[in-house]
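# 3D model of this:
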Amino acid sequence: MDTQRDLRKLWGYIDHTLLKPAATWDQVRVICDEAAEKKAASVCIPPAFISRIKKRYGDSVTIGTVIGFPLGYNTTAAKVAEAVDAVKAGAGELDMVINLGETKAGNFDEVRREIAAIREVTPGVLKVIVETCYLSEEEKVQLCGVVTGAGADYIKTSTGFGSAGAVLADVKLFSKHIGPGVKIKAAGGISTLEELEAFIAAGASRIGTSRGMSILG
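Presented below is the predicted three-dimensional model:
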């Protein structure tokens, strides 16, 4: 087996991530250089850097960013405005955080409407972060239907800023309940090759991590 070839292939699952509050342009450039060299699926970076990345790298990296991040309780209008601005600046993928308060209150129609509103202004890939650490199993199952019905491309486990990150059991649960065409992104705390491969085996087709270089080199 060609181990190096296998590791290179795994980069195609990685959203190479830098979302630290004090992230600098120099640090973002390193992430983008690595993503371009390794052929990562995308970079996932703060919205303020999108236009600079687009100008410097063109189409050599797929630019992903976050909407309503990390708490999700922005108004729908604010999230839509963020999404429009990010797309205009050059983002091809958006990872939005749902309104957890509406979710916990059982207002799933409102959650679906908000996702659909962002879907409408997102021509590229839309990933919906449901922050599983705050959810019951029943809420996770309900959200699989909500995300599917709203037309999103991915359901995503976590922001990485909550009380816990990705859990293998949640990816397996999503795999059973998401609709056709909806994929799974696992993110938050994935730090070893064994964990990476386990999440992919469970059904994740994207892995969000800031540790891609330490995992895959």
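# So what sits opposite the residue nearest to the spatial centre of the chain in the bridge?
Nearest to the geometric centre of the chain sits Asp95, at 4.6 Å (CA atoms, centre = their mean). Going by DSSP bridges, Asp95 is paired in beta bridges with Val66, Lys127.
# what sits against it?
Shown in contact with Asp95 (CB atoms under 8 Å, 6 or more residues apart in numbering): Cys44, Gly64, Thr65, Val66, Ile67, Phe69, Lys127, Val128, Ile129, Lys156, Lys185, Gly208. C-beta: built from backbone N, CA, C; applies to glycine.
# and if you look at Ser163?
Applying CB under 8 Å, 6+ apart, the residues contacting Ser163 are Cys133, Tyr134.
# Make sure I have this right: it is in a strand.
No: applying DSSP: H, G, I helix; E, B strand; the rest coil, one finds Ser163 to be coil, outside a strand.
# Distance of it relative to Leu18?
Note on Ser163: its distance to Leu18, by CB to CB, to the nearest Å, is 22 Å.
# try Lys183
Distance of Lys183 to Leu18, computed by CB to CB: 22 Å.
# again, but for Ala36
From Ala36 over to Leu18 the distance is 14 Å, taken as CB to CB.
# Repeat that for Gly162.
The gap separating Gly162 from Leu18 is 18 Å, by CB to CB.
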